[in-house]
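Trainee: Fold the following, please.
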Amino acid sequence: MQTQKTQTVEENMSLRRQIQHNYHRFRTFLKWILVAIVTGLFVGLVGIAFSYAMKYATNLRQNNPWLLYLLPLAGLAIVGWYHLLHVYQDKGTNLVISSIHSNEEMPVKMAPVIFVGTVLTHLCGGSAGREGAALQIGASIGKAIGQVLHFNENDRRVMIMCGMSACFSALFGTPMAAAVFSMEVVSIGVMYYAALVPCVVASLVAHALAAMCGVTWECFPVTNLPDFTVVSAAYTGLLAILCAMISVVFCIVLHQTSHFFKEKIKNPYLRTIIGGCIIIVLTLIVGNRDYNGAGMDVIARCFETGRVFPLAFILKMIFTSVTLACCFKGGEIVPTFYIGATFGCLFGMITGFDLPLCIAIGMGSLFCGVTNSPIASLLICFELFGFEGMPYYLLAISLSYMLSGYHGLYSSQKILYSKFKTTYVDRTAK
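Mentor: Numbers count the residues shown, from 1 in each chain. The predicted structure is shown next:
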């Protein structure tokens, strides 16, 4: 009799614990759904404003070529703007990744400084992207929302990733890739799955809001593809291997150029003047404006015409490296797509393999090589080019991921597991 009573008591206690656990899970679920919706709406609005500001600045620059000659003055304004808000050590996206790893301080004022700095850079012809800036804007706002809600450190890290996904999705129009990229890019080999629901909801909300507000995104459907055969797989593999090598070169050039300018010209005001003058001289030598700004128009031209200047991918590396090394602001993602698209187009011209497919493979492979984010890279390919080329993108991205080694755009990015063995390495990208 006593034994039965004991069993009944234990069963009741177990049932209570199960109910409590389920209640806690449901409450956590509701919390993140509501917070993600709020984040998606708020960050989405900022992302929409940033998108319109970037398009306005780009159109203004293209219609007024003389703005290029104001680039050194724009650099002075950017450096002064950063100093006015007491931001003296701008680590860019590295700061975002560090804040997730170690809770490094990332104030909300990072959002306006990178917003204004990136718009000025594009307005006057600096060679930089926009999505990297969006990651920083979204991350700083996401963390600020977490602070307002008095979240603990772990939840604030989730909020950073949630904000990154929302702003990336609103600006670039790839909600699947945006949701995954913020979780994947931080630590290679380990994904923060606790952030999955918040990132997905925030990404979808921001994307829907941007669409309602009239934001349009670039999309390059790649259809009527050749059959996936041994020959086409060989072409794909060769292109992916070459893109992996180029991604390593691009990362090294970016890091070494930044290190060189910081060592040789320690005064940021002088550095940005010299960098702006270098970009002006390089533009005049080249004789066109194809390497100023982000370069989405050049990517579109590759798909439309199938023709490209053979050294375009090298020149974009040089322009982007000098721009970002000399205190101008922006991201590296669109320049990465530019380099991949122009090299893929060149590869298609030389080999005769399907040109639009080569361009798409080049973009996806190079993005994977510099970010070490294969899943997000694959999703970007699906959202930008369509699902028809799935076997090509899958093969190319896997090869590029492995062969790009431990190089990456972000030196704060941790590579926890080896790309070559099932071993724990815990090292940073170089």
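
Trainee: what sits against A166?
Mentor: Neighbouring residues of A166 by Cβ atoms under 8 Å, 6 or more residues apart in numbering: 39-40, 43-44, 47, 138, 142, 178, 202-203, 205-206. To be clear about C-beta, it is placed using only N, CA and C from the backbone, and glycine gets the same treatment.

Trainee: Assign it to one of the three secondary structure states.
Mentor: helix (DSSP: H, G, I helix; E, B strand; the rest coil).

Trainee: from here on, count from 889
Mentor: Renumbered: residue one is now 889, and that last one reads A1054.

Trainee: Let me know the helix or strand that C1269 is in.
Mentor: helix 1262-1273 (DSSP states H and E).

Trainee: Against which helices or strands is that helix packed?
Mentor: With contacts taken as 3 or more Cβ pairs under 8 Å, 6 or more residues apart in numbering; DSSP states H and E, helix 1262-1273 sits against helix 1063-1072, helix 1243-1259, helix 1278-1291.

Trainee: quick one: buried residues of the first one?
Mentor: It refers to helix 1063-1072. Residues of helix 1063-1072 classed as buried: 1063-1072 (neighbour count, 16 or more other Cβ atoms under 10 Å).

Trainee: ok, now which ones touch K1150?
Mentor: Contacts of K1150 by Cβ under 8 Å, 6+ apart are 1159, 1213.

Trainee: next structured bit after the helix or strand hosting it?
Mentor: K1150 is located in helix 1118-1152, with elements delineated by DSSP H and E. Heading C-terminal from helix 1118-1152, the first helix or strand you meet, by DSSP H and E, is helix 1156-1174.

Trainee: Quick check: next helix or strand after that next one?
Mentor: helix 1184-1193.

Trainee: Other residues contacting that following helix?
Mentor: 1106, 1108, 1178, 1196, 1200, 1222, 1225-1226, 1229-1230, 1232-1233, 1244, 1247, 1251.

Trainee: relative to helix 1118-1152, how tilted is the very next helix or strand once past it?
Mentor: Under the assignment DSSP H and E, the closest C-terminal helix or strand after helix 1184-1193 is helix 1200-1213. If you take axes from the mean of the first three to the mean of the last three Cα atoms, to 10 degrees, helix 1200-1213 sits at 30 degrees to helix 1118-1152.

Trainee: what comes up buried for helix 1200-1213?
Mentor: Quick answer for helix 1200-1213 (16+ other Cβ under 10 Å): 1200-1213.

Trainee: isn't F1069 right next to F1056, touching?
Mentor: Yes - F1069 is within contact range of F1056, at 6.6 Å (criterion: Cβ atoms under 8 Å).

Trainee: Give the closest residue to H1143 in space, chain neighbours not counted.
Mentor: S1299 (7.1 Å; Cβ to Cβ, 6 or more residues apart in numbering).

Trainee: Double-check that the one you found belongs to a helix.
Mentor: No - counting by three-state DSSP, one finds S1299 to be coil, located in no helix.
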